[in-house]
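A.B. asks: Predicted structure and sequence below. I'll ask about it afterward.
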Amino acid sequence: MKTKSLRLLLCALLLTASVSFLTSCKSGPKDTDLTATLQQKLSTIPGVSVAVKDGVATLSGEVKDEAAKATAESEAKAVEGVKSVVNSLTVAPPPPPPVVISPDDALIKSVTDAIKDFSGVKADVKEGVVTLTGEIKRTSLPKLIMAVQALKPKKVENKLTIK
Amino acid sequence: MALQEKYKELIDAATASGATNLLVREEGGVLYIDGEVSSGAVKDNLWNIYNRIDPDFRGGDLVLNVNVGGIADGDKLKVVTESSNLNIRKGPGTDQPIVGKAAHGEVVTLVSKTSDQWWLIKTDAGEEGYSYTQYLAPVE
């Protein structure tokens, strides 16, 4: 009697195990497989990380623009077995515009205007670099440098003798 | 990046002041800081920090260009020359003829901003022409 009931119990256990195994198979590819597939598919878009749980794919990381964000989402949705996609991708801020340097002819004119009231100060402009020579009082120096740096020079070389 | 370290205090102060359109860029061994600040006092403070980090501005590794923002046409401006009169010229440039003068400390009206360096102003006496922006500050 004892062995019979034990055998029955074992059978029951095996049955439930196989049933649960079958159902898990029926629910589609495993999360780990999906992750691998998605990672491979999205490898063309730099910056995307993928996590899959119960067939729901979450995309995270920073991509270069809105188009890349949308492409990553649609590509992920197209993968068989992905139930839905949570798009948590962020778009990188645009790079700052390049520094604008005044051309020399404009700079020569504007530097002349800027130093006019600082007697004893001379300025030389070459390829955007303003070189200041001559003499100045220390109290007037910040005002002069302020005026010259506002003219969009490449750099300002201060070779002034400070009195 | 090294220059951003050197001028970190300045960059932090500019950020903390709520400067708008703040751009901090490093190119060819020179750091460029551009932006608009809310007052002349904030601008002066940034220049004081600059002068402290790089005494007498000898380094040649920073171009600081901060303007006092929020000045609109019709606003009152004070003449902030050292002590002399401010020239009012026919056109934007020191090669242009002088058509009037505004006294040190006088309050004038901004007609329009012609460029970063030259603004069209009008005195209470009715003289109108271009003056150098360096010598004009908002009435605070």
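C.D. replies: Structure received.
A.B. asks: From the rest of the structure, what touches the longest strand along chain A?
C.D. replies: In chain A, ranked by residue count with DSSP state E as the criterion, the top strand is strand A:129-136. Residues from elsewhere that reach strand A:129-136 (Cβ atoms under 8 Å, 6 or more residues apart in numbering or on different chains): A:107, A:111, A:115, A:118, A:120-125, A:144, A:148, A:151, A:153-163. From N, CA and C alone the C-beta is placed, and that goes for glycine too.
A.B. asks: which ones among the residues you listed are found in helices?
C.D. replies: With helices identified by DSSP state H, the entries of the contacts of strand A:129-136 that belong to them are A:107, A:111, A:115, A:144, A:148.
A.B. asks: Would you mark the buried spots in the longest helix along chain B?
C.D. replies: In chain B, ranked by residue count with DSSP H as the criterion, the top helix is helix B:40-53. Neighbour counts over helix B:40-53 (16 or more other Cβ atoms under 10 Å in any protein chain shown) mark B:42-43, B:45-47, B:49-50 as buried.
A.B. asks: got the domain boundaries for the chain?
C.D. replies: All of this is about chain A. For chain A, the domain assignment from automatic domain parsing gives the residue ranges A:29-95, A:104-162.
A.B. asks: Can you look at chain B instead?
C.D. replies: Looking at automatic domain parsing, the domains of chain B come to B:2-68, B:76-138.
A.B. asks: okay if I get those as CSV plus distance to A:Thr90?
C.D. replies: Putting the domains of chain B into CSV (distance: least, Cβ to Cβ, whole Å) gives the following:
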stretch, distance to A:Thr90
domain B:2-68, 21
domain B:76-138, 35
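A.B. asks: for the residue nearest to the spatial centre of chain A, what are its contacts?
C.D. replies: Centroid-nearest residue in chain A, with Cα atoms, centre = their mean: A:Ala92, separated by 3.6 Å. Under the criterion of Cβ under 8 Å, 6+ apart, the neighbours of A:Ala92 are A:47, A:62-65.
A.B. asks: got CSV for the residues you listed, with neighbour count and pLDDT too?
C.D. replies: Output for the contacts of A:Ala92, formatted as CSV (neighbours: other Cβ atoms under 10 Å in any protein chain shown; pLDDT from 0 to 100):
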residue, neighbour count, pLDDT
A:Gly47, 17, 92
A:Glu62, 15, 95
A:Val63, 20, 94
A:Lys64, 14, 92
A:Asp65, 11, 92
